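Student: Here is the input, now give the coordinates:
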Amino acid sequence: MKRFHFKHFSLYHDRSTMKVGTDAVLLGAWVALKPTDWVLDVGTGCGILPLMLAQRGIAKVHAVDLDEASAIEASENFQASQWDRQLFAFHADVRKFTMQCAYDLIISNPPFFVNSFKCDADRRNQARHTDSSLTFGELIAAVKRLLKPDGRFVVVLPLRESQEFIPLAEQQNLFVYSKENIIPVEGKEPNRVNLEFRYGKPETVASSELIIRRVDGSFTDAYDRVVADFYLG
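Tutor: Predicted structure coming up:
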């Protein structure tokens, strides 16, 4: 088993349904935080988002995953980190998950491929396809049940799927307050979007974009700045 090394923590991700990836790293770097935040990470996988948020200084993270092996691996990664007293992993279905507290922030890199081609591995299907595990509507319902009235819900989605997700959230009075379009290569269209939802419709939506690579394949200066506190080198 090989560990993936960041500047301030390392983690195993070979047993988790979802590995360390760009989507999670950019979401964890983008989300606005308060030091007092109590956070819920839905579909934590190997636990990368809680570890990134702990590095950035949040108070506590509860991380849930429907896949038992992922939850165990996340827990082991937390215990091996310097933030082991702040991070807690649960093998749980967020649709049934309950705590005595509500959360200031709920974050998720969720299953997002709707009615698309499935691979053969059931665990990976569960992690990647909404019709195999957690639907968008079920995720939003869980957020509404677990989020504080003044809380924030942050998620990364493919641009196409976000156009389905946003109206579903609005039906539950959760509206986009800020968004970041992720462009894989300069000159291309966005393929991912980071979204922050809150209760009540805002007067304006803060919007930005991040280009990952130049046409020649090199990383942009903007991307390097975003990941500088996390990636080695």
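Student: The protein: helices as residue ranges?
Tutor: Ranges of helices in the chain, per DSSP state H, are 22-30, 48-55, 68-79, 122-128, 136-146, 159-170, 221-227.
Student: Report the angle between the fifth one and helix 159-170.
Tutor: Going back to what we said before, that points to helix 136-146. With axes from the mean of the first three to the mean of the last three Cα atoms, to 10 degrees applied, the angle from helix 136-146 to helix 159-170 works out at 40 degrees.
Student: for the second one, same thing?
Tutor: Helix 48-55 and helix 159-170 meet at an angle of 70 degrees, taking the same axes, to 10 degrees as the criterion.
Student: And the nearest residue to Tyr199 once chain neighbours are set aside, how far from Arg160?
Tutor: Nearest residue to Tyr199, sequence neighbours excluded (Cβ to Cβ, 6 or more residues apart in numbering): Asn173, at 5.4 Å. Bear in mind the C-beta positions are built from the backbone N, C-alpha and C, glycine included. Distance from Asn173 to Arg160, counting by Cβ to Cβ, to the nearest Å: 24 Å.
Student: Pro110 and Pro190, how far apart?
Tutor: Applying Cβ to Cβ to Pro110 and Pro190 gives a distance of 18 Å.
Student: Comparing these two, which residue is more hemmed in?
Tutor: Taking neighbours as other Cβ atoms under 10 Å, Pro110 and Pro190 compare with Pro110 leading, 21 against 17.
Student: Next up, the contacts around the more buried one.
Tutor: The neighbours of Pro110, taking Cβ atoms under 8 Å, 6 or more residues apart in numbering as the test, are Val42, Gly43, Thr130, Leu134, Phe136, Leu139, Val155, Leu157.
Student: Pick the one among those residues closest to Ala102.
Tutor: Val42 (14.2 Å; Cβ to Cβ).
Student: so what's Phe6 closest to, chain neighbours aside?
Tutor: Phe230 (5.1 Å).
Student: That neighbour: how many residues sit nearby?
Tutor: 18.
Student: try Glu203
Tutor: Neighbour number of Glu203 under other Cβ under 10 Å is 4.
Student: heads up, I number from 24, so please use that
Tutor: Let's use 24 as the start, then, which means that last one is Glu226.
Student: which residues touch it?
Tutor: Contacts of Glu226 (Cβ under 8 Å, 6+ apart): none.
Student: Sweet, I'm off.
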